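1. With the sequence up front, the predicted model follows.
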Amino acid sequence: MSEMSVTPRRSVKAHAIAVASAALTTVLVAFGIIYFYFVSPAASAGPAQPIPFSHRLHVGIKEIDCRFCHNTVEVGRNAGMPPAEKCLYCHQHIIPQHPWIRELHRFADSGETIPWVKVTYLPDHANFSHQQHITAGVNCADCHGPVEAMDRVYEENRLLMGFCVDCHSQQESRHAILDCLNCHQ
Ligand code: HEC
Ligand code: HEC
Ligand code: HEC
Ligand code: HEC
Ligand code: HEC
């Protein structure tokens, strides 16, 4: 007799546990999806841009060279940003009716520069030039991380003084580049 009153209670409890664990699993799966699609640092942690340009697509899959778009990186302080016309070399013919490509045309026609949101900052008192680094054979990824895998560029390394000095102090065969005045003027 006592068995009979216990069994149903057990199954109610088992049922409640099953429901609770199914609910928990659903929450975890949903969280996982949200994390990997919207938050994952590997895909899209950077700021939203006026046109959702993807380095993962253009560099990772289409293998366009960094220098095609950032064309002053070997010769100047700044790497340079591509004007809309440069995008239109291809997009005149590739998906020309895509809404974002029409937006590109709008920028090109009006002559307005695309207000790309900056990701990497240095204060004005710091003296930095891409040219010195690219001609010395330093790779983009050493400072910027795996840009070719990013849908939205994010800051892989905070480019603080310690980051600059760490690398400089490892450059044995080169001339002294730890002097304060090399980086501050
Ligand atoms: C060398 C050629 C080339 C250049 C230069 C180029 N793209 Fe693309 N772009 C492509 C190709 C190829 C695709 C994929 C088209 C497709 O989905 O069929 C694409 C796709 C896109 C898409 C659509 C992505 C999507 O998710 O649907 C956007 C937006 C875009 N490009 C923006 C740009 C911008 C902005 C520039 C300039 C900074 C640029 N592209 C420069 C070749 C190029
Ligand atoms: C087809 C053109 C194109 C190519 C190729 C390209 N980029 Fe870019 N890059 C852009 C555009 C447009 C932006 C601004 C929007 C953005 O951040 O996605 C940008 C932004 C960046 C930024 C962020 C700049 C900031 O504000 O701090 C970095 C870093 C960068 N690119 C590095 C690279 C590297 C490294 C490569 C090669 C591995 C590369 N890019 C190839 C067009 C390009
Ligand atoms: C030694 C570190 C280092 C290397 C190597 C490096 N960058 Fe940069 N990059 C920086 C810093 C620091 C800034 C921010 C500069 C500023 O705000 O004045 C920057 C800014 C940028 C920007 C934003 C705006 C501009 O015009 O400068 C782009 C684009 C960029 N880098 C692309 C590249 C590409 C492409 C390569 C490789 C060909 C590369 N960088 C190699 C440190 C580096
Ligand atoms: C990944 C390594 C690396 C990082 C990170 C790095 N540098 Fe450099 N830097 C170099 C190399 C290599 C040279 C070239 C040295 C040579 O010409 O012998 C150089 C040269 C320089 C020079 C020229 C100095 C001279 O006397 O020729 C300056 C200025 C400079 N870097 C500033 C910076 C600043 C500012 C940062 C941080 C935002 C930085 N560097 C980050 C590797 C690096
Ligand atoms: C290899 C380049 C490099 C060298 C060498 C260097 N600095 Fe810097 N320093 C930087 C950069 C880049 C910043 C800006 C980023 C930051 O705030 O960390 C900076 C920032 C600073 C700041 C401001 C920090 C803050 O919190 O705002 C001071 C002060 C400073 N440096 C002093 C020095 C002195 C003193 C020396 C010599 C002993 C020196 N630096 C050598 C690159 C360098």
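-> Alright, I've got the coordinates. Residues are numbered from 1 along each chain as shown. Ligands and ions are numbered 1, 2, ... in the order given.

2. Assign a three-state SS to the residue lying closest to residue 128 once chain neighbours are set aside, would you?
-> Of all residues not flanking residue 128 in the chain, residue 122 sits nearest, at 5.5 Å (CB to CB, 6 or more residues apart in numbering). The way it works is simple: take the backbone N, C-alpha and C, and place the C-beta from them, glycine included. Secondary structure, DSSP: H, G, I helix; E, B strand; the rest coil: residue 122 is coil.

3. what does the domain assignment say about the protein?
-> The chain breaks down by automatic domain parsing into domains covering 1-39, 55-81+116-183.

4. Determine which stretch of the ones you listed is the most buried.
-> domain 55-81+116-183 (a mean of 13; mean count of other CB atoms under 10 Å).

5. quick one: terminal-to-terminal distance for it?
-> 30 Å (CA to CA, to the nearest Å).

6. One more: stretch 71-87?
-> Stretch 71-87 has an end-to-end distance of 13 Å (CA to CA).

7. quick one: is it near ligand 4?
-> No: contact of stretch 71-87 with ligand 4 (CB under 6 Å from any ligand atom) is absent, the minimum separation being 10.2 Å.

8. got the contact list for the residue nearest to residue 71 when sequence neighbours are not counted?
-> Leaving aside its sequence neighbours, residue 71 sits nearest to residue 80 (CB to CB, 6+ apart; 5.3 Å). Contact partners of residue 80, counting by CB atoms under 8 Å, 6 or more residues apart in numbering, are 69, 70, 71, 72, 73.

9. separation between the closest residue to the first one other than its chain neighbours and residue 158?
-> Setting aside the residues directly before and after it, residue 69 is nearest to residue 82 in space (CB to CB, 6+ apart), at 4.1 Å. Taking CB to CB, to the nearest Å as the criterion, residue 82 is separated from residue 158 by 25 Å.

10. follow-up on the earlier one: wait, is the residue nearest to residue 71 part of a strand?
-> No: counting by three-state DSSP, residue 80 is not found in a strand; it is coil.

11. mind checking pLDDT for it?
-> Confidence at residue 80, expressed as pLDDT, is 95.

12. where's it relative to ligand 5, distance?
-> 20 Å (CB to the nearest ligand atom, to the nearest Å).

13. What parts of this structure come near ligand 2?
-> By the rule CB under 6 Å from any ligand atom, the part of the chain lying against ligand 2 is 49, 53, 55, 58-59, 64, 66, 68-70, 82, 116, 118-120, 140, 144, 147-148, 153.

14. Show me the shaky parts of this protein.
-> 1-14, 16-20, 23-44, 173-176 (pLDDT under 70).
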